[in-house]
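# Sequence and predicted model, in that order:
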Amino acid sequence: MATSDLTRKGSLIIVDLPKILRNGSFYIAQARIRTMLQWKWSILGEALATPIFYLLSIGIGIGKFVNSHQSAGVDGVKYLTFLAPALLAATCIQGAVGEATFPVLEGFKWHRGFFAMNATPISGKQIANGVLIAAMVRTAFGCALYYIALLSFGGLHSLHSLWLIPMTLFSAASFAVLMMGICAAIKNDDLFLNMVQRFLIMPLFLFSGTFYSLSSMPKFLQVIGWASPLWHATELGRWISYGHHLSQVAIIVHFSYMAIMGLIGFKFAHFHFLRRLSK
Amino acid sequence: MSPSEPSIQGEEPLIRARGLRKDYGSFTAVDGIDFQVNRGDSFGFLGPNGAGKSTTMRIIAATLTRSSGEITILGKDPEVSGPEIRAHLGVVPQQDNLDNSLTVSDNLFVYGRYFGLSKKFIRNKIEELLTFAQLEEKRDVKVEALSGGMKRRLTIARALVSEPEILMLDEPTTGLDPQARHILWDRLFRLKEQGVTLLITTHYMDEAEQLCDRLMVMDKGRIMAEDSPANLIKKYSTKEVLEVRFGADRNAMYADRLRNMCDRIEVLPDRVLMYLDDCEELLHQVVSEGMHPTTSLVRRSSLEDVFLRLTGRTLVE
């Protein structure tokens, strides 16, 4: 055999389709994570700097001002305690949306990597799932660091608050998968992500009761909060973190809202991934 | 036997299409074509851009749905058994879609995982593929730093990681310099010798002649002819061709006189092609009749002449 010839048993023998059907989503996620690791230091830097800057400036800086004017704090707790679950949710949702949207445009349009993946036994659904899994792995990493920072700055007070992490990740995933589906559906990506950042993510951040209670806003602005996954995540987060009052019905509504958003998002993303890959 | 093995019986064709059609709205990209590819064939789709070659390839690759007709690949319908079929295909797309942020070896590793191959198997395979693609020294280099020819070789190596039954190459050497093309042809020729079934689309006639045992000439979504390159030339052209140039505005003027001296002529904007088995003699006759071309060339017939005969157009316009 010449040195440049290939040994060959053939795909009929070496490829195990049931294994791919079972694990394909994870293969995609592994590939995405391998790509992310190319930027591991900037990911780590961002995950550390974001909570520290936010907590120093808003949590402690503004918190001192708020606490000095309202001895009872906000919602019966110190401002930082009130703010902590909202900051955690906002950061995780933004991070997950970013990781679930840019790679979609890259995969379909900029570098067409999804078409390379789909030339293998991997299906469009598995590609969508894999991208989301990888996005959530990165989000979970950032979420864990943020949680530790909140504990260190005194924004969280008990181990019970650990439940914040799965709840926050659940809300981030439900919104991210919907945004992923929308990204797969759009044909012209010009300015799309900028528009999302400026006219969707930023208003959600500002009008979801993040920095003050939603009820203190005019009714017509409260509507934005009701539609926002961030508000639902924040309400549940405050309930978990310091016992913010929520009725059982409210708890069910908040969870259901995010679960339904996630389910619709999955259907939408799967449909558009399959459609775009077969066009 | 792997659970993914399709039920291929004996000498059943690997690919069989009947009345295959693909419409995009009112535009018909593939217009009811029939063909079959047997195991070990090196089968080429030859035609200009927009002939329907790539569309046909995507249907075979189980990544594009057909509008009507029938097709089986490895005995299965791609619309029902897409992943099962794709498990045995190696696809080299027209545009490289490697992961630019990863290294050469990481690209091969990641792709091997998509076929569910074990990490150990892929690591061994990477060594072979890097040697095959002459990229050993680029193993740890990021793809974005590779030349066009290297990227193309890596894309082919990537398609071979799963040892596919069918290797599909869509315009494999478009955009490459002559040296890079010849290196690639050599690699593909080795695969052909190993019995890998090759499906190639190209609009380069020399590539089609070099690599393909059988060719399907396509134009406007239809099959114009199908045979071996040598037989196509024998059927649709003469042994030799005389190319004469009289100047852009005078080529047509001489056409009537030239037509009577040979089997057939084609008047192109820049030259006249005259078809006859012995063109040296024909050239003497042209000159002796008082016509003095500014340049002349006697050459053997090629697939370009076949295409011109079949469609009235050149391959690259």
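Right, received. Where do you want to start?

# can we go C-alpha only for contacts and neighbour counts from here?
OK.

# Run the chain-centre distance for the helix or strand where residue A:254 lies.
Taking DSSP states H and E as the criterion, residue A:254 maps to helix A:248-277. On the basis of Cα atoms, centre = their mean, to the nearest Å, helix A:248-277 sits 13 Å off its chain's mean C-alpha point.

# check contacts around residue B:63.
If you count contacts by Cα atoms under 8 Å, 6 or more residues apart in numbering or on different chains, residue B:63 has them with A:118, A:119, A:277, A:278, A:279, B:82.

# Check the secondary structure at it for me.
Using DSSP: H, G, I helix; E, B strand; the rest coil, the structure places residue B:63 in coil.

# List phi and psi for it.
Summarising the backbone geometry of residue B:63 under the convention degrees, to the nearest 10, its torsions are phi -120, psi 10.

# Can you read off the pLDDT for it?
Reported pLDDT at residue B:63 in the predicted model: 94.

# Quick check: what element follows whatever helix or strand residue B:258 lives in along the chain?
Of the helices and strands defined by DSSP H and E, residue B:258 is found in helix B:251-259. The C-terminal neighbour of helix B:251-259 among helices and strands, as given by DSSP H and E, is strand B:264-267.

# tell me the mean pLDDT over that next one?
Per-residue pLDDT values across strand B:264-267 average out to 90.

# Can you give me the buried ones in it?
Applying a neighbour-count criterion of 16 or more other Cα atoms under 10 Å in any protein chain shown, the buried positions in strand B:264-267 are B:264, B:265, B:266, B:267.

# And for stretch B:141-153?
Within stretch B:141-153, the residues that qualify as buried by neighbour count (16+ other Cα under 10 Å) are B:141, B:142, B:143, B:146, B:148, B:149, B:150, B:151, B:152, B:153.

# Next: stretch A:18-33.
Within stretch A:18-33, the residues that count as buried by 16+ other Cα under 10 Å are A:20-21, A:23-33.

# Make CSV from those residues and add pLDDT and distance to residue A:159 to it.
As requested, those are exported to CSV (pLDDT from 0 to 100; distance: Cα to Cα, whole Å):
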residue, pLDDT, distance to residue A:159
A:20, 96, 39
A:21, 95, 39
A:23, 96, 34
A:24, 96, 36
A:25, 97, 33
A:26, 97, 31
A:27, 97, 34
A:28, 97, 34
A:29, 97, 30
A:30, 96, 31
A:31, 95, 34
A:32, 95, 32
A:33, 95, 29
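
# re the thing from before, between the contacts of residue B:63, which sits nearest residue A:258?
Of all these, the one sitting nearest residue A:258 is residue A:277; the distance, using Cα to Cα, is 27.8 Å.

# I figured the closest one hits residue A:116, correct?
No: contact between residue A:277 and residue A:116 fails when scored by Cα atoms under 8 Å: they sit 10.1 Å apart.

# higher neighbour count, the two?
When neighbours are counted by other Cα atoms under 10 Å in any protein chain shown, residue A:277 and residue A:116 differ, and residue A:116 comes out ahead with 21 against 18.

# Find the nearest non-adjacent residue to the more buried one, please.
In space, and not counting its chain neighbours, residue A:116 is closest to residue B:97: 6.2 Å by Cα to Cα, 6 or more residues apart in numbering or on different chains.

# Burial check on the one you found, number of neighbours?
20.

# what sits up against the longest helix along chain B?
Ranked by number of residues, the top helix in chain B under DSSP state H is helix B:178-193. Counting by Cα under 8 Å, 6+ apart, helix B:178-193 makes contact with A:5, B:40, B:42, B:132, B:133, B:149, B:153, B:173, B:198, B:207, B:210, B:211, all of which sit outside it.

# so how many other residues sit close to the third one?
It refers to residue B:42. Counted with other Cα under 10 Å, the neighbours of residue B:42 add up to 25.

# Who is it paired with across the strands?
On the basis of DSSP bridges, residue B:42 is bridged to residue B:198.

# Just to check, it is in contact with residue B:213?
Yes: with contact defined as Cα under 8 Å, residue B:42 counts as touching residue B:213 (5.2 Å).

# where do the helices sit along the stretch 201-317 of chain B?
Ranges of helices within the stretch 201-317 of chain B are B:205-211, B:229-236, B:251-259, B:279-288, B:303-311, based on DSSP state H, counting those that start in this stretch.

# Return the most buried member of those helices.
Of all the helices of the stretch 201-317 of chain B, helix B:303-311 has the most neighbours on average by mean count of other Cα atoms under 10 Å in any protein chain shown, namely a mean of 20.

# which other residues reach it?
Residues outside helix B:303-311 that contact it (Cα under 8 Å, 6+ apart): B:47, B:205-206, B:209, B:217, B:219, B:224-225, B:229, B:232-233, B:236-237, B:313-315.

# which ones are touching residue A:204?
With Cα under 8 Å, 6+ apart, residue A:204 has these contacts: A:224, A:225, A:228, A:230.

# Make a ChimeraX selection of whichever of those turn out to be buried.
In ChimeraX syntax, the buried subset of the contacts of residue A:204 is picked out as below (16+ other Cα under 10 Å):
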select /A:224,225,228,230
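
# is it possible to export the contacts of residue A:204 to JSON lines including distance to chain B and secondary structure?
Formatted as JSON lines, the entries for the contacts of residue A:204 read as follows, by distance: Cα to the nearest Cα, whole Å; DSSP: H, G, I helix; E, B strand; the rest coil:
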{"residue": "A:224", "distance to chain B": "39", "secondary structure": "helix"}
{"residue": "A:225", "distance to chain B": "39", "secondary structure": "helix"}
{"residue": "A:228", "distance to chain B": "35", "secondary structure": "coil"}
{"residue": "A:230", "distance to chain B": "33", "secondary structure": "helix"}
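
# returning to that earlier point: in three-state terms, how would the residue nearest to residue A:116 be classified?
The local conformation at residue B:97, judged by three-state DSSP, is coil.

# Hmm, it is touching residue A:117, no?
No: with contact defined as Cα under 8 Å, residue B:97 and residue A:117 do not form a contacting pair (9.5 Å).

# rewinding a little: and the furthest pair within the contacts of residue A:204?
When Cα to Cα is used, the two most widely separated members of the contacts of residue A:204 are A:224 and A:230, lying 10.2 Å apart.

# so what sits against both of these two?
Taking Cα under 8 Å, 6+ apart as the contact criterion, the common neighbours of residue A:224 and residue A:230 are A:204, A:208.

# Would you mind giving me the confidence score for the closest residue to chain A within the stretch 201-317 of chain B?
Taking Cα to the nearest Cα as the measure, the stretch 201-317 of chain B has residue B:201 as its residue closest to chain A, at 16.6 Å. On the pLDDT scale, residue B:201 is placed at 91.
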